[in-house]
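**Q** predicted model and sequence below, questions to follow.
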Amino acid sequence: MLFRSSIAGGEAVSTFECAGIRIDVRGGISETTSCSVRHRAAGSSDWIAGMNLEPCTADRQFRGSVFGLRPGTAYEIECRLADASAGAAPTSSVLRMETRTWAEDVPVAEVRPLPAPARDGSVLIDAKGRSDGWIFFRPAPGASPVDGGTNTDHALRIEGAAYVGIEGFTIRGGRRDAVRVAKSESVRIRRCDVAGWGDPGTRKAGLSKGLYVDARGSVINFQAGIRVCEGSTRTVIEDCFIHDPRGTANSWEFGHPAGPQGILLDRTGGNHVVRRNDLVGCEAHWWNDAIESIANGEVTGGPYRDTDIHGNVLAFSNDDGTELDGGQINVRYWHNWIDRALCGISCAPNRAGPSYVFRNLIAGLGEERGKGGSAFKMGGASHSPGMNVIVHNTIHGPGGGLRSVGFGDGRDRGAYVARSRNNVFAGPGHEDVTNVSTDPRNDFDHDLTEIGRAHV
């Protein structure tokens, strides 16, 4: 039998510590087709084996990630496609690629103060640096906070910018968002204190969804400390304190929560890093989601692709600590701590995959009434064909674990595809692992659950 498949091409897209891999396949992908991956630092003779790439049959691709890379380092990546059904001695197809991880420190060509505010109080940054010469904006000694007040939609607008850094600012105000990053590439937002944005609205009982409305009577939602939108790519949000919006989100007592978000990823171009931030609400200022995705059901929704979210503290969400909903193409989520949320992490739906969720702590589930949902909100059925790799997470306290909660319509809306390993489900929860899917790719093993509390 002839070898049916071969590698037609591919790419590796890096962040600081990871690389997302896409391999295009010529020919068919069968149940016996596999694609292994290994990598090494340039100049090293030692290869490091990674997890096999995931078959994405509809796209005729294998996709996956390598982890634990060193920032600012060149790597060789080798992918090997094989098919066990190709005969007694099948040949294989090999592709070698090179990539370089992002450097922690970028070359700074110029340091500037912020531009003067416009009449409405907003500040616009549209500067364009270069990859070998970034433009950084830093506050002068004794500078006042950036304050958009209530007369402008966004206190700080970063639009059409490239190779720009924003560092060390206190940012307040904006009727809608404190910071908006639109149509931009390679933007770094570092060590900023962001608070006091949005419309607190007026409480209006009897709404079918939401609770707080603006002066026109519209439900208030999707107002963010930092919004990344309109195709922006390679945005880094790091070491920021995002807290205390003007308003608050309703609990599920009044229907699906609507209200402020800490970070909102809104139809971006992907390839972002969100790391080491504190997104912390309080009893008076609850998030809808601490990290929110728009649009949940679209491939470009939320983190979208080749994105790392790690090392964040996320607390006081009336819905989800984080929504990964959307493409989830090589989206990686690790070392995050989620507390005081209805649900910890939403992966519903995973429109393409794979995503990797590992070594997170989800504890103390419960929205403002103390009602707990589940650590992982899963589902989507046909809307959610992508693989979710969920490993080494610790879930403690009331609420469910890895559950078929659902997305979309239909009786099987809770179905999803996942591989789970070494997760700890501890405390007085319920339904540690559930999945209504019959997809043969599902694989749940070596998780610590209580007897009788897993149903897959």
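**A** Okay, I see it.
**Q** mind listing what the most centrally placed residue in the chain touches?
**A** Nearest to the geometric centre of the chain sits P303, at 4.2 Å (C-alpha atoms, centre = their mean). The contact partners of P303, taken as C-beta atoms under 8 Å, 6 or more residues apart in numbering, are 265, 268, 270, 272, 293, 309, 324, 326-328, 331. Backbone N, C-alpha and C define where each C-beta goes, glycine included.
**Q** 7 Å - rerun?
**A** Each residue near P303 by C-beta atoms under 7 Å, 6 or more residues apart in numbering is listed here: 265, 270, 272, 309, 324, 326, 331.
**Q** could you tell me how many residues sit around the second one?
**A** Going back to what we said before, that points to G270. 25 (other C-beta atoms under 10 Å).
**Q** give the contact list for it.
**A** For G270, the contact set (C-beta under 7 Å, 6+ apart) comprises 233, 303-307.
**Q** low-confidence regions, this protein specifically.
**A** 1-4, 85-91, 451-456 (pLDDT under 70).
**Q** which residue ranges form the helices in it?
**A** With DSSP state H as the criterion, the chain has no helices.
**Q** could you dump stretch 73-85 to CSV, C-alpha only?
**A** C-alpha atoms of stretch 73-85 as CSV (Å, rounded to 0.1, in the frame of the first residue of the first chain):
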residue,chain,number,x,y,z
THR,A,73,15.9,31.9,21.6
ALA,A,74,16.0,30.3,18.2
TYR,A,75,14.6,26.8,17.9
GLU,A,76,14.4,24.0,15.3
ILE,A,77,11.1,22.1,15.2
GLU,A,78,10.8,18.8,13.4
CYS,A,79,7.4,17.3,12.6
ARG,A,80,7.1,13.7,11.3
LEU,A,81,3.9,12.4,9.7
ALA,A,82,3.3,8.7,9.7
ASP,A,83,0.5,6.3,8.8
ALA,A,84,0.4,2.8,10.4
SER,A,85,-2.0,1.5,7.7
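**Q** wait, which of the contacts of P303 is closest to W47?
**A** V331 (25.5 Å; C-beta to C-beta).
**Q** now, which of the contacts of P303 sits nearest T99?
**A** Using C-beta to C-beta, G270 comes nearest to T99 of the contacts of P303, at 15.8 Å.
**Q** measure the closest one to V331 for me?
**A** Applying C-beta to C-beta, to the nearest Å, the value for G270 to V331 is 8 Å.
**Q** what of G133?
**A** Separation of G133 from V331 (C-beta to C-beta): 30 Å.
**Q** look at these two and report which has more neighbours.
**A** V331 (30 against 12).
**Q** surely the more buried one meets T307?
**A** Yes - V331 is in contact with T307 according to C-beta atoms under 7 Å; the separation is 5.1 Å.
**Q** now for these two: what residues contact both?
**A** Shared contacts of V331 and T307 (C-beta under 7 Å, 6+ apart): none.
**Q** circling back to that earlier point, list residues touching both of G270 and V331?
**A** The overlap between the contact sets of G270 and V331 (C-beta under 7 Å, 6+ apart) consists of 303, 305, 307.
**Q** for those residues, which one is nearest I7?
**A** Nearest to I7 among the shared contacts of G270 and V331 is R305, at 19.9 Å by C-beta to C-beta.
**Q** quick check: beta-bridge partners of the closest one?
**A** I329 (DSSP bridges).
**Q** what number of residues lie near it?
**A** Residues within reach of R305, counting by other C-beta under 10 Å, total 24.
**Q** for G344, give me its contacts.
**A** Applying C-beta under 7 Å, 6+ apart to G344 gives the contacts 321, 338, 362, 365, 375-376.
**Q** what's the answer for I29, then?
**A** By C-beta under 7 Å, 6+ apart, I29 lies in contact with 5, 55, 57, 60.
**Q** and for G173?
**A** 147-150, 155, 196-197.
**Q** among these, who's most crowded?
**A** Of those, with other C-beta under 10 Å as the count, W197 tops at 30 neighbours.
**Q** any idea how far that one lies from A224?
**A** With distances taken as C-beta to C-beta, W197 is found 8 Å from A224.
**Q** with V436 instead?
**A** Relative to A224, V436 is positioned 33 Å away (C-beta to C-beta).
**Q** one step back: which of the contacts of P303 are buried? Put it as a PyMOL command.
**A** Buried subset of the contacts of P303, written as a PyMOL selection, criterion 16 or more other C-beta atoms under 10 Å:
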select buried, resi 265+270+272+309+324+326+331
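**Q** many thanks, we can stop here.
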